[in-house]
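> Model the structure of this input:
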Amino acid sequence: MIRRIVAGIVVATIAAFGWAAVSTADNQHGRTDSRSSQTHPKPPVPGHGLDVLELRKINQVLENQERILERLNNLDGSTIPAQFGVLYNAFHTDILSNVGNLLAAVSDVGSQCASTDVLPLPSQGTVAPYGFCRGDDSGNLIVRVHNQGFIAAGPFTTRVTFAGGSLPVDVDVTGLNGFTGTDLNFGPIPDSCYPGLRSEASQCNFTIAADFNATVNETNEVNNNVVGACQRVP
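Numbering: from 1, shown residues only. Down below sits the predicted model:
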């Protein structure tokens, strides 16, 4: 009977802390609470939210709670009174620490979202480098630049540098609101980017640098630069 009471207390405590953590995470990360008529903005871009590292942190919290509950449930009924105080204190300290880690992880994600982060995006359903080979009906190279942060980006320049020695091409962007993007026209790909004769199959390699002059204050500068490639079929 005592064991059942202890297990009940533990489960109730976990449920209370778990609900508080989830509610806090939802409010901080822009989800809608079904109990309220208020709708929070939700990032429409895949990739924002809890990444693999954050999920591992949350999973570790749950695993730690389960281990403590298992220790309590496995105690012999006759030994619970003598050990309950120590185990309960250990459980209480551990659960508070782990919930704190969970909230910190959610806060980290919120800080990353509440910022500016511009980057080139490949065509939907594709990957680099060929996913950046987008063109219009006139044969111009089109580059999609996106701001995946909440904070608007001010004016910046995006540069494409083609292989083969041709001059780089710069296109200015007047600014990008959070979670918006724009298509930039860099003109036709120069013939010098494709090695060999026009009658031969070849590949043009190029680099894209969003915010080339580093005028935008971003949380991630590394993802500004990508490598693209287009293949020519005779």
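> drop to CA atoms for contacts and neighbour counts, all remaining ones
OK.
> so where's this protein uncertain?
1-59, 61-62, 65-66, 68-96, 99-100, 102-114 (pLDDT under 70).
> Using the record's assignment, carve the protein into domains.
As assigned by automatic domain parsing, the chain contains the domains 2-113, 118-232.
> so where do the strands sit in this structure?
Using DSSP state E, the strands of the chain run over 118-121, 140-147, 156-162, 169-173, 180-188, 202-209, 225-232.
> Check the burial of residue 139 by counting its neighbours.
11 (other C-alpha atoms under 10 Å).
> does it really touch residue 185, like I thought?
No - using C-alpha atoms under 8 Å as the test, residue 139 is too far from residue 185 to be in contact (10.2 Å).
> quick one on the thing from earlier: go through the strands of the chain and pick out the most buried.
Comparing the strands of the chain by mean neighbour count (mean count of other C-alpha atoms under 10 Å), strand 118-121 comes out on top with a mean of 24.
> which helices and strands sit right next to that one?
With contacts taken as 3 or more C-alpha pairs under 8 Å, 6 or more residues apart in numbering; DSSP states H and E, strand 118-121 sits against strand 140-147, strand 225-232.
> Quickly list what residue 160 is bridged to.
Beta-bridge pairing of residue 160 under DSSP bridges involves residue 169, residue 208.
> is it true that it touches residue 212?
No - Residue 160 is not in contact with residue 212 according to C-alpha under 8 Å; the separation is 9.3 Å.
> surely residue 193 meets residue 202?
No - assessed by C-alpha under 8 Å, residue 193 is found out of contact with residue 202, at 9.3 Å.
> And the helices in this structure?
In the chain, the helices defined using DSSP state H lie at 2-28, 52-73, 80-113.
> show me the contacts for the closest residue in space to residue 207 that isn't next to it in sequence.
Counting by C-alpha to C-alpha, 6 or more residues apart in numbering, the nearest residue to residue 207 once its immediate chain neighbours are dropped is residue 227, at 4.5 Å. Residues near residue 227 by C-alpha atoms under 8 Å, 6 or more residues apart in numbering: 128, 129, 132, 205, 206, 207, 208.
> Can you tell me which of these is closest to residue 67?
Lowest distance from residue 67 to these (C-alpha to C-alpha) belongs to residue 128, with 42.6 Å.
> and the closest one, what is it in contact with?
Contacts of residue 128 (C-alpha under 8 Å, 6+ apart): 122, 226, 227, 228.
> do the same with residue 189
Per C-alpha under 8 Å, 6+ apart, neighbours of residue 189: 139, 140, 141, 162.
> Dump those residues into JSON lines; add distance to residue 168 as well.
JSON lines is the format used below for the contacts of residue 189 (distance: C-alpha to C-alpha, whole Å):
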{"residue": "139", "distance to residue 168": "18"}
{"residue": "140", "distance to residue 168": "15"}
{"residue": "141", "distance to residue 168": "13"}
{"residue": "162", "distance to residue 168": "7"}
